[in-house]
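Participant: Next input, structure requested:
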Amino acid sequence: MTYLHGAYGELGESIGQLTPSGVATLPVYFGRAPIHQLGAYSGLVNQPILVSSFEDAARKIGYSDNWEKYELCEAVYAHFKNSIGPIGPIVLINVLDPDTMRSAEAVTKEVTLLNQQVIIEDENIILNTLTIEGKEFGVDFTAAYSSDGEKVILRDLTGNLSSPVTVSYYTVTPEKVTASDIIGGIVDETRTGIQAVALVYQNLNRIPTILAAPGWSDKKEVHDALVAACQKINGHWYAFAFTDIPADDSVNTIAKATSWKAQNGYTSEFESPCWPLAVNGDRVFHMSTLAVVTTQRAHYQNDNIPATTASNKRVDITGLARKSAAGIKTVSFDQEQANQLNAEGIKTAIFWGGQWRIWGGHTGAYKYGGENDPRSIFDSSMMMICYILNTLQRT
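Facilitator: Alright, predicted model coming up:
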């Protein structure tokens, strides 16, 4: 280190807005993260990772704009990069293990060195497997992912690399993750997937209060495991789940969404089913993610007491959408049509008062005109019950 005497200034990387302090509501997300971007990822599989900003998350789990492969990055972006303001912290539980979910053989290729730098266009490189024969990582060369997670930038540290450079590496295979990995289990006292929620309290000394698995909770088996996990975490804590109904060619109308919900049992008082997807420009979000973000913000603005709902609160989107065989397709309906979803206990979003807003404050157990238990009509009621039970036990 160079000896310095005096006052010096150094330009560093930008730091995003800080999240509010004292946020009590703690969402826990389950899914895949691009931890292969990190030089070391020991302890980042099936373990709760607390993040409090976008930069914090990128350092701890990596970041990719490919949310189809890495759902946890969607959650990170939605919480910390929205235009309304960052809200956190959140807990991420990643099930993708680059040590076992990787290519069977290494990839070898020649790349062109320009100005002592190489850009390798491959978002799947497991960074700690990248090698150059006869050269040492950190001494002769270094490598890191770009901020969007789409390519690796390799730099010659000594000027001794000759072009073309032959590099070798293994690639991660996130497509190997299945619903069973998300559901997880307990084997030899080791918890995986959704079962790892029990580690949040003992590892972080925080109570998980919201559970979500965007990209996975529209699968009935994952949904069932997620909702089941909401009660008696560690034998004590209660949480509330935000889940998704499929938004694709098979469930492409309001009528089909309400029918699918009933047929597949998305009817728990400990959940709020959501439909369809939402977009902001070319970014596609699961409605459950946006509902979690808006709920956490609403609770923070209510002195950290969850007696208020996300319904009718602003959300940072530009429209609604669903998946189709041809790609992402626009979905359009007004408040009256959205009320048909709300009447069946489904949360959605509408454009109202010059803004897009989360619309619907019921639990999955609610049905208009049905026999409804008063406690399970509104999501805020159930979250308050969870809050009171958790606070009593913690105290």
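Participant: Double-check that Ile194 belongs to a strand.
Facilitator: No - counting by DSSP: H, G, I helix; E, B strand; the rest coil, Ile194 is not part of a strand but helix.
Participant: residue contacts, Thr171?
Facilitator: The neighbours of Thr171, taking Cβ atoms under 8 Å, 6 or more residues apart in numbering as the test, are 102-103, 107, 122, 124-126. From N, CA and C alone the C-beta is placed, and that goes for glycine too.
Participant: With Leu154 instead?
Facilitator: Counting by Cβ under 8 Å, 6+ apart, Leu154 makes contact with 111, 117-120, 130, 141-143, 165, 167.
Participant: Is there a quick ChimeraX command that grabs whichever of those residues are buried?
Facilitator: Restricted to buried positions by 16 or more other Cβ atoms under 10 Å, the ChimeraX selection for those reads:
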select :111,118,120,130,141,143,165,167
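Participant: got a markdown table for the contacts of Leu154, with secondary structure and distance to Asp218 too?
Facilitator: As requested, the contacts of Leu154 are exported to a markdown table (DSSP: H, G, I helix; E, B strand; the rest coil; distance: Cβ to Cβ, whole Å):
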| residue | secondary structure | distance to Asp218 |
| --- | --- | --- |
| Val111 | strand | 40 |
| Gln117 | strand | 42 |
| Val118 | strand | 40 |
| Ile119 | strand | 36 |
| Ile120 | strand | 34 |
| Leu130 | coil | 35 |
| Phe141 | strand | 43 |
| Thr142 | strand | 41 |
| Ala143 | strand | 36 |
| Val165 | strand | 44 |
| Val167 | strand | 39 |
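Participant: Go through the contacts of Leu154 and name the one nearest Gly184.
Facilitator: Within the contacts of Leu154, proximity to Gly184 (Cβ to Cβ) peaks at Leu130, which comes in at 29.9 Å.
Participant: Relative to Asn312, how far out is that closest one?
Facilitator: Note on Leu130: its distance to Asn312, by Cβ to Cβ, to the nearest Å, is 49 Å.
Participant: Check Gly369 too.
Facilitator: According to Cβ to Cβ, Gly369 stands 22 Å off from Asn312.
Participant: Same question for Ile35.
Facilitator: 37 Å.
Participant: do the same with Gly361
Facilitator: Distance, Gly361 to Asn312, by Cβ to Cβ: 8 Å.
Participant: between these two, who's got more neighbours?
Facilitator: Counted by other Cβ atoms under 10 Å, Gly361 and Asn312 do not tie: Gly361 has more neighbours, with 21 against 16.
Participant: Does the more buried one touch Pro306 like I think?
Facilitator: No - using Cβ atoms under 8 Å, Gly361 is not in contact with Pro306; the gap is 12.0 Å.
Participant: between those two, what contacts are shared?
Facilitator: Common neighbours of Gly361 and Pro306 (Cβ under 8 Å, 6+ apart) are Ser380.
Participant: contacting residues around the closest residue to Leu96 other than its chain neighbours?
Facilitator: Sequence neighbours aside, Arg32 is the residue nearest to Leu96 in space, at 4.3 Å (criterion: Cβ to Cβ, 6 or more residues apart in numbering). Taking Cβ under 8 Å, 6+ apart, we find Arg32 in contact with 69-72, 94-96, 174, 177.
Participant: For those residues, which single residue is the most surrounded?
Facilitator: Neighbour counts for those, by other Cβ under 10 Å, peak at Leu72, which reaches 31 neighbours.
Participant: What ranges does the stretch 51-200 of the chain have for its helices?
Facilitator: 54-61, 71-80, 179-183, 198-204 (DSSP state H, counting those that start in this stretch).
Participant: Now the very next helix or strand once past the last one: average pLDDT?
Facilitator: Remark: after helix 198-204, the chain's next helix or strand is strand 210-212, criterion DSSP states H and E. The pLDDT scores in strand 210-212 average 98.
Participant: shaky segments in this structure?
Facilitator: Counting by pLDDT under 70, the chain contains low-confidence ranges at 1-18.
Participant: please redo it, this time with the cut-off set to 80
Facilitator: Scanning the chain with the threshold set as pLDDT under 80 gives 1-19, 21-22.
Participant: Can you mark which positions in the top helix by length along it are buried?
Facilitator: Assignment by DSSP state H gives helix 379-394 as the longest helix of the chain. Of the residues in helix 379-394, 379-387, 390 count as buried by neighbour count, 16+ other Cβ under 10 Å.
Participant: Kindly report the same for stretch 243-262.
Facilitator: Within stretch 243-262, the residues that qualify as buried are 243-247, 251-252, 254, 257-258, 260-261, counting by 16+ other Cβ under 10 Å.
Participant: returning to what we had before: show me which of the contacts of Thr171 is closest to Thr190.
Facilitator: Using Cβ to Cβ, Arg102 comes nearest to Thr190 of these, at 20.6 Å.
Participant: List the contacts of that closest one.
Facilitator: Counting by Cβ under 8 Å, 6+ apart, Arg102 makes contact with 126, 170-173.
Participant: most neighbours, which of the residues you listed?
Facilitator: The residue in the contacts of Arg102 with the most neighbours, by other Cβ under 10 Å, is Val172 (25 neighbours).
Participant: for the nearest residue to that one once chain neighbours are set aside, helix, strand, or coil?
Facilitator: Spatial nearest neighbour of Val172, chain neighbours left out: His36 (4.2 Å); criterion: Cβ to Cβ, 6+ apart. Classification of His36 using three-state DSSP returns helix.
Participant: Would you state the helices of the stretch 251-395 of the chain in chain order?
Facilitator: Applying DSSP H, counting those that start in this stretch to the stretch 251-395 of the chain gives helices spanning 254-263, 287-300, 335-342, 379-394.
Participant: Which other helices and strands does the third one contact?
Facilitator: Using 3 or more Cβ pairs under 8 Å, 6 or more residues apart in numbering; DSSP states H and E as the contact criterion, the neighbours of helix 335-342 among helices and strands are helix 254-263, strand 348-352, strand 355-359.
Participant: Reformat those into CSV and put distance to Phe270 next to each item.
Facilitator: Formatted as CSV, the helices and strands packed on helix 335-342 follow (distance: least, Cβ to Cβ, whole Å):
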stretch, distance to Phe270
helix 254-263, 15
strand 348-352, 19
strand 355-359, 19
